[in-house]
Each structure stands twice: as C-alpha cells, then as structure tokens.
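Enquirer: pasting the structure only:
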Ligand code: NAD
Ligand code: SF4
C-alpha cells in the first residue's frame, strides 16, 4: 500500500469537520510551529523537504519563500491559488471538498513562516460548494482559537479570507490572480518583478497552490529531512494526481513520487488499466499545457528506461521525447481517440481563454484553432501542417505569460508524434467529415 500524507484520512466519516480532523492529529503542526519554532525555522524545514510547487511549475517552495522581500512596515501576503482550471486537473477541488482543514492548517503554518497576518484563498468562481466549505472551515478554526488574534496565546494574529475567482482560466496565472484579487480585470503582469517583491497591492506576496500549502503540514509533522526521504531525486514527497480519460478507475490518487508510470496506469491500486480492453494510444501527463506523448514514450524513455512519475523522468528527453509532470492532470487516450480532434479541442480552449494582451497569443491561438479545425473536419491541405507548426513556433517564448507556451506545446507535440494522423485527415477528407473519432489506420 502506497504511503499517503495528504489523503491518509480521506475515508474517515466527518473528516471535513474540525472535530474529526483534530481527532486525527489535525492542527498539531500549527501548535508545533507557534509554540516551538520561529518563522525562519519553518522556512528552513520547507527548504530541507525539497517541496516543489504542486500547481504545475514545480518551483522549489522554500526558495520562493526565501525570496520574499521584508521591507520595514510593509505588509506581506500569502495568497493560495485555488483557481484550479487546467483541463484534466481536479485534485485541489477534491482536497478542498473532503479535507478543507488540511488547507486551512497549511495556510496558518505558511502564513506564520512568511510573517503574513492577512491571507487569501482565491477559489475558482465556479466552485461555489468549495467556497462555502472553506468558509465554514475557517469559521470553525477561528471558533477554536486557531485563527484571529493571538492564536493559541502565541502573540501571532492571522485572518484568512476566501475570494471567489473571476471566472476565467487566466485568473489562475499568479499575476492575473493578484490583479483580480485587487478588483481589476485579470490581466497577467510582466515578470519580473515577481510577486515575492511586488505582489498584492504592490506588497511582497507569496502565491502558492492549494496542494503545496497543504503539504507544509506533513512537512512540519515529519520534519523536512524525513519528508525529503520520500520520493526520488529532486522529486520528493507525494503528489496528488487527477486521473481521467479511458481508464478503468478515474479519480484522484496520492502517489509517492518515483512510481513507475506503467504501474500507475495498469495497477488496480491506481487507474486499473485501459477501459473496455482497449489499447493505450497516448497520455497527457500534466494537464492540457504539457506535450502529449504516445504510449511507447510515456512508458519508457527514449533510452529504454522505465518512465517514472517524477519531474525529471517525465521530462527526460526534453520536448523531443519527454513531457512534464505539470499539475498532475493525467489524461489517458485509448486507440479510438483522435489526437487531431483532441488538439483542436485544447486549441479552442486556449483561444477562448487568451486575455488578448499580446499579439502572438491573441492571434496565434485563433489561427491554431482554425487550422486544426480545418484539418480535423477534412478540409485541410498538407501545407496546413507546416503552417500550424510555424504558428506555434511564433507563439512559444514570445508572450507575457505562460498561456502562450501552454497553447503552443500541445500542438507541437501532436505534430511531432502524430503527424501521420494529421496526414490521414488530409488524405481521407470524406471519412474525416463523417467520423468524429476513430482512425481507420489504427
Ligand atoms: P513560473 O515558472 O513562471 O513560476 C513559478 C513560481 O515561481 C511563481 O510563483 C513565480 O513567481 C516564482 N518564481 C520564479 N522565478 C522567481 C524568481 N526569480 N524570484 C521569485 N519568484 C520566482 O510558472 P507559473 O506561471 O507560476 O506556472 C506555470 C505553470 O502553471 C504551467 O507549467 C502549468 O503547468 C501550470 N498551470 C496550472 C493550472 C492549474 O489549474 N493547476 C492552470 C494553468 C497552468
Ligand atoms: Fe494574455 Fe495570452 Fe499574453 Fe498571457 S500570453 S498575457 S493570456 S495574451
């Protein structure tokens, strides 16, 4: 049985309440940090743990915290990014729904470490049930003396506010999120300056993902060094994976980093294999923003080694033969699925969600959507594949925020690994027009 740190008590009835969470050892990390540690000690433990940001970028959390500017007399903020919107990613929603106090406890630990006295949880606007759940959890924690003034007699004050998101995918980009939190349109800012220097209301701010913040609790309970022993290489600890697509058991799984991808897909403890006895065709391993990989490359690296669920192993080979762990949105496609259609679907999403500030993204995502649709619907020409390649190349690296790259990478990977499918659509226009899915040549 795999080791669990976040979902250990997920099946305990009433674990969403303060009482049951506390009975199961909840808020012990808060007691430990407030009674026995300094904020610097907490930052040090998180650094030692090797925790990397669980929202998708994988930036070392302790390092991000240590970048936080501390000018005299200026407030600092912790903002939790709960605007989970990456297609294929639903693990933060799961955690907030079932164990909201894990996030609230992590918010207290993290806010204390950063010297923040006002912290925000920015929750995707569509997640109204989760917003209510978190508000109730905050009220319970406050009633029990874990929030508000002079928490547990430590002299430390903290208020946490829940802010419903603006209803756009781009509001999950950290600087767009801060704009939205300030009451403005969620347009990304140019970085640098990073939020750690000039964030919310121009004050030093740390923006962390839900899972990253909740993970500070087991880090404090175990100690950073013990936590770092879990996992492999620079991928320490456990990770929540949202598994979906053509698998027997879709859902949210907590895995120890280092698990072989093959075991994750085929063992009964996790995905349970490909549904309906079909063969696997491809996997998008880290949410819609990461390159799609064909079945052979997701199971083994180009050098023939077993691919592992780690930041390093999934990226092995760069974008030629590798991908990214990203947000852990693991989407499996069986042999009946059409990669061109799926790529068009993602492109439609990014075009719709582009904020429009930079031309390569605003115009390029629209071009990609149109050309993909043209090919998928059987109206394409061979030159369109090169045009598509050219457009995605002109977006990548030329935009203010990562949405541009996120729109370009899936298109590039689809052409790189499944060019024959694009050609099939062009060579079989009539079948392309009548079939939505399914490829005659597979
Ligand atoms: P990023 O690499 O630009 O930044 C990562 C984090 O590190 C940020 O908080 C940034 O402020 C900080 N940082 C980086 N360099 C720094 C420095 N020199 N000084 C101070 N801080 C520094 O990536 P990002 O824009 O935060 O995230 C992009 C990723 O988000 C994508 O790869 C995608 O996987 C993921 N994503 C997730 C979702 C979701 O719903 N979970 C949605 C969209 C995208
Ligand atoms: Fe907006 Fe796209 Fe530019 Fe990001 S890359 S700022 S979403 S136009």
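Expert: Arrived safely. Since the model is a prediction, treat every value here as computed from it, not as a measurement. Numbers count the residues shown, from 1 in each chain. Ligands and ions are numbered 1, 2, ... in the order given.
Enquirer: what residues does this structure put near ligand 2?
Expert: 170, 188, 354-358, 361-362, 399-401, 403-404 (CB under 6 Å from any ligand atom). C-beta here means a position set from N, CA and C on the backbone, and glycine is covered the same way.
Enquirer: residue in the stretch 1-150 of the chain nearest to ligand 2?
Expert: residue 85 (12.6 Å; CB to the nearest ligand atom).
Enquirer: Assign residue 330 to helix, strand or coil.
Expert: strand (DSSP: H, G, I helix; E, B strand; the rest coil).
Enquirer: ok but residue 136 is inside a helix, no?
Expert: Yes: counting by three-state DSSP, residue 136 is located in a helix.
Enquirer: Now do the contacts for the closest residue to ligand 2 within the stretch 51-200 of the chain.
Expert: At 4.2 Å from ligand 2, residue 188 is the closest residue in the stretch 51-200 of the chain, using CB to the nearest ligand atom. Residue 188 makes contact with 170, 173, 175, 176, 179, 355, 357, 400, 401, 403, according to CB atoms under 8 Å, 6 or more residues apart in numbering.
Enquirer: Now do the nearest residue to it once chain neighbours are set aside against ligand 1, distance only.
Expert: On the basis of CB to CB, 6 or more residues apart in numbering, the spatially nearest residue to residue 188 that is not a chain neighbour turns out to be residue 401, at 3.7 Å. Summarising the geometry, the distance separating residue 401 from ligand 1, computed by CB to the nearest ligand atom, to the nearest Å, is 7 Å.
Enquirer: cool, residue 34 as well?
Expert: According to CB to the nearest ligand atom, residue 34 stands 26 Å off from ligand 1.
Enquirer: mind checking pLDDT for the closest residue to residue 297 other than its chain neighbours?
Expert: Distance criterion CB to CB, 6+ apart; nearest residue to residue 297, sequence neighbours excluded, is residue 321 at 5.6 Å. At residue 321 the predicted local distance difference test score is 96.
Enquirer: list the contacts for residue 141?
Expert: Taking CB under 8 Å, 6+ apart, we find residue 141 in contact with 18, 27, 101, 104, 108, 147.
Enquirer: Of these, which pair is most distant in space?
Expert: Between all members of those, the longest pairwise span (CB to CB) is found for 18 and 108 and amounts to 12.9 Å.
Enquirer: neighbour count winner among those two?
Expert: With other CB atoms under 10 Å as the criterion, residue 18 and residue 108 differ in neighbour count, and residue 108 comes out ahead with 28 against 21.
Enquirer: Just confirm the residue of the stretch 51-200 of the chain closest to ligand 2 is within a strand.
Expert: No: if the criterion is three-state DSSP, then residue 188 is coil and not within a strand.
Enquirer: Look up which helix or strand residue 131 falls in, please.
Expert: helix 128-143 (DSSP states H and E).
Enquirer: so, in contact with ligand 1 or not, that helix?
Expert: No: under the criterion of CB under 6 Å from any ligand atom, helix 128-143 makes no contact with ligand 1; the nearest approach is 13.6 Å.
Enquirer: Report the buried residues of the helix or strand following that helix.
Expert: Following the chain from helix 128-143 toward its C-terminal end, the next helix or strand by DSSP H and E is strand 159-164. The neighbour-count check on strand 159-164 (16 or more other CB atoms under 10 Å) flags 160, 162, 163, 164 as buried.
Enquirer: Look up the closest residue to the residue in the stretch 201-350 of the chain positioned nearest to ligand 2, ignoring the ones flanking it.
Expert: Ligand 2 sits closest to residue 350 of the stretch 201-350 of the chain, with a gap of 8.2 Å, by CB to the nearest ligand atom. Excluding the flanking residues, the one nearest residue 350 by CB to CB, 6+ apart is residue 407, at 3.6 Å.
Enquirer: where along the stretch 101-250 of the chain do the strands fall?
Expert: Per DSSP state E, counting those that start in this stretch, the stretch 101-250 of the chain carries strands over the ranges 118-123, 159-164, 205-209, 231-232, 235-236, 238-245.
Enquirer: okay, these, which one's buried deepest?
Expert: With neighbours defined by mean count of other CB atoms under 10 Å, none of the strands of the stretch 101-250 of the chain is more surrounded on average than strand 205-209, at a mean of 27.
Enquirer: Touching it from outside, list them.
Expert: Under the contact criterion CB under 8 Å, 6+ apart, strand 205-209 has outside partners 53-56, 61, 64-65, 68, 76-81, 92, 110, 114, 116, 174, 177-178, 195-196, 199.
Enquirer: what about the residue in the stretch 51-200 of the chain that ligand 1 sits nearest to, distance to residue 290?
Expert: In the stretch 51-200 of the chain, the residue that lies nearest ligand 1 is residue 56 (2.3 Å; CB to the nearest ligand atom). If you measure residue 56 against residue 290 using CB to CB, to the nearest Å, the figure is 8 Å.
Enquirer: Common neighbours of these two, please.
Expert: residue 326.
Enquirer: what subset of the contacts of residue 141 is also close to ligand 1?
Expert: Answer for those near ligand 1: none qualify (CB under 6 Å from any ligand atom).
Enquirer: can you count the residues close to the residue lying closest to residue 42 once chain neighbours are set aside?
Expert: In space, not counting the residues next to it along the chain, residue 42 is nearest to residue 113; the distance is 3.7 Å by CB to CB, 6+ apart. Look at residue 113: counted by other CB under 10 Å, it has 26 neighbours.
Enquirer: quick revisit: so which of the contacts of residue 141 is the closest to residue 373?
Expert: Here the nearest of the contacts of residue 141 to residue 373, counting by CB to CB, is residue 104; it sits at 44.4 Å.
Enquirer: who touches the closest one in this structure?
Expert: By CB under 8 Å, 6+ apart, the contact list for residue 104 reads 134, 137, 138, 141, 146, 147, 160.
Enquirer: go with 6 Å
Expert: Shown in contact with residue 104 (CB atoms under 6 Å, 6 or more residues apart in numbering): 137, 141.
Enquirer: Check the offset of stretch 72-90 from the chain's centre.
Expert: The chain centroid and the centroid of stretch 72-90 are separated by 12 Å under CA atoms, centre = their mean, to the nearest Å.
Enquirer: in that stretch, what's buried?
Expert: 76-90.
Enquirer: Stretch 295-308 too?
Expert: Those buried within stretch 295-308 under the rule 16+ other CB under 10 Å are 295, 297, 298, 299, 300, 301, 307, 308.
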